[in-house]
Structure formats: structure tokens, C-alpha cells
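[1] Next one to model:
(2 chains)
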Amino acid sequence: MSESEKTPEDASQAAPATFAWLALQTLGIVALLVLALWCGRQGSYFVYQGF
Amino acid sequence: MSGGSDLFSLQFWGVVGVGLLLLTPLTSGRARRWVLALLNLVFLVLALDSLKRVALVAGGLLAFWGLLRALAKSERGGLWFGLSLVSGLALMILHKLPGLGQLAPDPVGPTLERLNPLLALIGISYVFLRSVEVARAVWSRRHPPPSPLGLLNYLLPFHMLAAGPIQGYEDFVEQPEVPDAIGPQETLNALWRIAFGLFKKFVVAYVLERVFLHGFMIRGPYTLLEMHLYALVVYLDFSAYSDIAVGVGRLLGVRTPENFNRPYLARNMIDFWERWHISLSEWVKRNLFIPLQLTLVRRSGGKHALAISSVSLGVAFFLCGLWHGVSLAFFLWGLMHGLGVLVTNVYRARLKKRLGKQGVKEYLERRGVRLVATILTVEYVVVSLILVGWSWGVA
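    Residues are numbered from 1 along each chain as shown, chains lettered A, B, ... in the order given. This next block holds a predicted model:
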């Protein structure tokens, strides 16, 4: 079903799923950041940085 | 590298945070330009960590702005363009040939030596490429010279400062003054790019580097494994930086070009350069390949089209190699990549002549052909990257 064919009912049913999806993505981002911060404590140097 | 251009520094993320707070509510293009310039300037002050250095960079920027104004007004634009190109090239050579200052007498030599860390901090290699873009745009009358503020925002954008991407000047000028507001999903997408970039660099690349890379000290079949992992680590590292820049750009509403598109799936060297450091290969196409090809076509009266396009590609990507560094390793690296794109161009033309357009399409769609082509391309790139590692003292 295309976006234009969706009824308001469909949209309201999709809303909680969207919220859950946004929350899940936020958690994923936090997890990646925590891991990166933990591993990158010793400082960063990118191979292409300022070369 | 230390200071504010370190992507783990509080300075960098502090400027991103302040930028978000200040830029998000703004609805005036003029105000956005000012705030962006202020952010770029504050970041420079933090990164350079010395007002003297900042004054030097600001002086250089104003001098270049003056050159652009002269370029736009003067009848002899070529002279001013040549002057800006030569001064930019001189700075590049000074930066790419460390120790050059030692050859000059006192006090010039030591002064030049002190200039080198400053050039590294502002990412002179990238600033030079952007300078050529804007100078050519003004010289060819495609655009008027930018204001000092516009020039600062184009040449020294804080999130693309240390390692690109290299935004085309057309792209910079054509971006909307006030970007559309971004919704929750787009915000999360941008945050994903940043988080994924940090994860790629500080977790995946870090682990691979720590566990498997030993400076090519272990001989035998292990060297082969290390060569391939080294190529993977370079990709993860560099594409991670670009991910972070693109993510930050999206959050701040500053157009930031994509730089990678699964390069190790490329099936030939031309395809590889359309996927690896895309903003650089686009720059090479716009500023080296096309002008060179046009000049040669004019001189030859339209004959030898294949030879001209192949030689132009080869020379352009050879020079692209030299941009990375003036050393034997980068000379060979440039030669490999120049030859790679040249041979691909000739091979593609021969294949088309032999099989016809439809025949080539069918041939290239065969799974086996695709697989062999991809493996050959990746192996070629892996070998060339060892030269880079050699130059950087890794291999």
C-alpha cells in the first residue's frame, strides 16, 4: 500500500510502533556510543586526519 | 593529532552542541551564515590553541579573499588565478615535504618548520582543493567572489576540517540558505551515522588493529591476511570519519557530501573511485580530468577520443596520488591507480566494440564475471594500500 492510500486509521495504528521503533533506535545509538566511548578512551587518531 | 580537531575532544562536541542550540531555531539565512562562521572561527581558535596561529590563518584567508576579488575584477584573471594556485601549491609542497624548512637559511627555515603543524591542523590538503574550486568558479565567472564570511564557511567548515569530505563550490553555493527542519526520524538517522562512525572506528577498527595488525613483521601466509585486514582497517577508519562528518552536517543543516559507497564491491578501478573517497574523485573529475580532456580534444581536433580519455584519466588519478603525499610510495600508488583507471577505460571500450552494447551488458551481468572482476579489483587496491602503509610507516 502506498503512502497516499493509507487511511487515518492505518496511521493511528502505526503511531505506537513508530514510537517503539524510535525508542529502540535511541537505545541502539546509546549502546554504540557507550561501546565507542569505552574503547576510544585512549584518544583518537584517524589515518586521514590532517595529513 | 591533539587539540580541538580531535573527534573525541570536548571542544569538537561542544561546538556541535552549541551549533545545534543556536542554528536550529534560526530562520534567517543571513543569521545562519554568521552563526556558522562564528562556530568555525571558535573551533579554529580551540584547535589552533594560539591567537598568533589564528591571526596567521585569518590573514591567509583575507589575502585569498583579496585574490578572489582581484580575479573577478581584473581583465588578466589568469595572472591572479596562477598566483593563487602557485601560493596554494607552495603551501602544499611545504606540508607534504617535511624537513623542507631545514634546507632554508635562518630565520626562514625555522619559520617554515613552525608553519607545518599549523598547516596540518587546518587540513591544508583539503583547504587547497576547496580553494582551487572557488578560484576556478570565480575565474570562469560562474560565481561572484564570496564574502569573507562565505569564504570562511566554505574553506574551513569545522566538521569537515581535518579529513573532508571535499564539498564542491557549486554544491556549497546552491544549498538552501535555511534548510528544512528535520523530524525525529531524520534526527535519529543523523545520530545513527555519528554513533555508527564512532563504533566503526573505536570498536571494530580498533579491535582489528590491536589483534591482527603487527606492522607486517610476521612473514608467510599471515602477511596476506594482514594486508587484507590493513585495507579493511583503513576503510573503516576513513569512512568512519566521513560518517561522523555527514551525521554532524545533517544535524546542523549543512550539506556534507557522502564519501563512500561500499568500495570493496567495486568491479573495476573506475567503479572503485566512484565508491571510495567520492568527494575527492569528483574533485579530480571536475578540476583535472575534464579540463585536461577538453584541452587534448581541442588540440587533436576531435581525433583519438579513446586514447585522450584514457590518458586524461590516468594522469588525473596519478596526480591524485601525489596529492596524498610527495614520496616514492605515493608516486607508485598514484601510478598504480592512474594505470588502473586507464586500463579499465581501454578494456571497457574494447569490450563494447567486440560484444556491442547489449552484449557487454549481458556479459557484465554474469555472476562469475562479476565475482572475478570484484576480486581482482580488491586485490589491486589491497596491494596499492600497502604502499600507503609503507609511506605512513605502518608496513
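[2] low-confidence ranges in the chain?
    Picking chain A for this. In the predicted model of chain A, residues A:1-17, A:42-51 satisfy pLDDT under 70.
[3] you looked at the wrong chain, it should be chain B
    Applying pLDDT under 70 to chain B flags the ranges B:1-8, B:98, B:100-102, B:391-395.
[4] Contact residues of it facing chain A?
    When proximity is defined by CB under 8 Å from any CB of the partner chain, chain B lies next to chain A at B:1, B:5-8, B:120-121, B:123, B:125, B:162-164, B:184-185, B:188, B:191-192, B:195-196, B:198-199, B:201-203, B:206-207, B:234, B:237-238, B:240-241, B:324-325, B:392. For the C-beta atoms, the positions are set from N, CA and C on the backbone; glycine is no exception.
[5] Which among those count as buried?
    B:1, B:5-8, B:120-121, B:123, B:125, B:162-164, B:188, B:191-192, B:195-196, B:198-199, B:201-203, B:206, B:234, B:237-238, B:240-241, B:324-325 (16 or more other CB atoms under 10 Å in any protein chain shown).
[6] Just the residues you listed: which are in helices?
    B:120-121, B:125, B:188, B:191-192, B:195-196, B:198-199, B:206, B:234, B:237-238, B:240-241, B:324 (DSSP state H).
[7] Off-centre distance for stretch B:241-256?
    How far stretch B:241-256 lies from its chain's middle: 15 Å, per CA atoms, centre = their mean, to the nearest Å.
[8] next one: stretch B:306-318
    With CA atoms, centre = their mean as the basis, stretch B:306-318 stands 20 Å off its chain's centre.
[9] Okay, the closest residue to chain A within the stretch 201-350 of chain B and residue B:164: tell me how far apart.
    Here the stretch 201-350 of chain B gets closest to chain A at one residue, residue B:202, 3.4 Å apart by CB to the nearest CB. Using CB to CB, to the nearest Å, residue B:202 is found at 20 Å from residue B:164.
[10] returning to what we had before: from what I can see the residue of the stretch 201-350 of chain B closest to chain A touches residue A:39, true?
    Yes: between residue B:202 and residue A:39 a contact is recorded at 4.5 Å, counting by CB atoms under 8 Å.
[11] send the alpha carbons of stretch A:19-35 over as PDB?
    Output of stretch A:19-35 as PDB, limited to C-alpha atoms (Å, rounded to 0.1, in the frame of the first residue of the first chain):
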ATOM      1  CA  PHE A  19       7.300   5.400  18.800                       C
ATOM      2  CA  ALA A  20       8.700   2.000  19.800                       C
ATOM      3  CA  TRP A  21      10.900   2.000  16.800                       C
ATOM      4  CA  LEU A  22      12.200   5.400  17.700                       C
ATOM      5  CA  ALA A  23      12.900   4.300  21.300                       C
ATOM      6  CA  LEU A  24      14.700   1.200  20.000                       C
ATOM      7  CA  GLN A  25      16.800   3.200  17.700                       C
ATOM      8  CA  THR A  26      17.700   5.600  20.500                       C
ATOM      9  CA  LEU A  27      18.800   2.600  22.700                       C
ATOM     10  CA  GLY A  28      20.900   1.300  19.800                       C
ATOM     11  CA  ILE A  29      22.600   4.600  19.400                       C
ATOM     12  CA  VAL A  30      23.300   4.900  23.100                       C
ATOM     13  CA  ALA A  31      24.700   1.300  23.100                       C
ATOM     14  CA  LEU A  32      27.000   2.100  20.200                       C
ATOM     15  CA  LEU A  33      28.200   5.400  21.800                       C
ATOM     16  CA  VAL A  34      28.900   3.700  25.100                       C
ATOM     17  CA  LEU A  35      31.000   1.000  23.400                       C
END
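[12] Show me which positions of it end up buried.
    A:25, A:29, A:32-33, A:35.
[13] And stretch B:272-283, by the same measure?
    Neighbour count says stretch B:272-283 has B:272-273, B:275-283 buried, by 16+ other CB under 10 Å.
[14] picking that back up, can you lay out the buried residues of stretch A:19-35 as CSV showing distance to chain B and secondary structure?
    CSV is the format used below for those (distance: CB to the nearest CB, whole Å; DSSP: H, G, I helix; E, B strand; the rest coil):
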residue, distance to chain B, secondary structure
A:25, 5, helix
A:29, 4, helix
A:32, 4, helix
A:33, 5, helix
A:35, 5, helix
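[15] Excluding sequence neighbours, find me the nearest residue to residue B:232.
    With sequence-adjacent residues excluded and distances taken as CB to CB, 6 or more residues apart in numbering or on different chains, residue B:232 is closest to residue B:208, at 6.6 Å.
[16] so that neighbour is in which element?
    Element membership for residue B:208, per DSSP states H and E: helix B:206-212.
[17] tell me which residues of that helix are tucked away?
    Buried-residue list, helix B:206-212, by 16+ other CB under 10 Å: B:206, B:208-209, B:212.
[18] Which member of the residues you listed is positioned nearest residue B:29?
    Nearest to residue B:29 among the buried residues of helix B:206-212: residue B:206, at 40.8 Å, using CB to CB.
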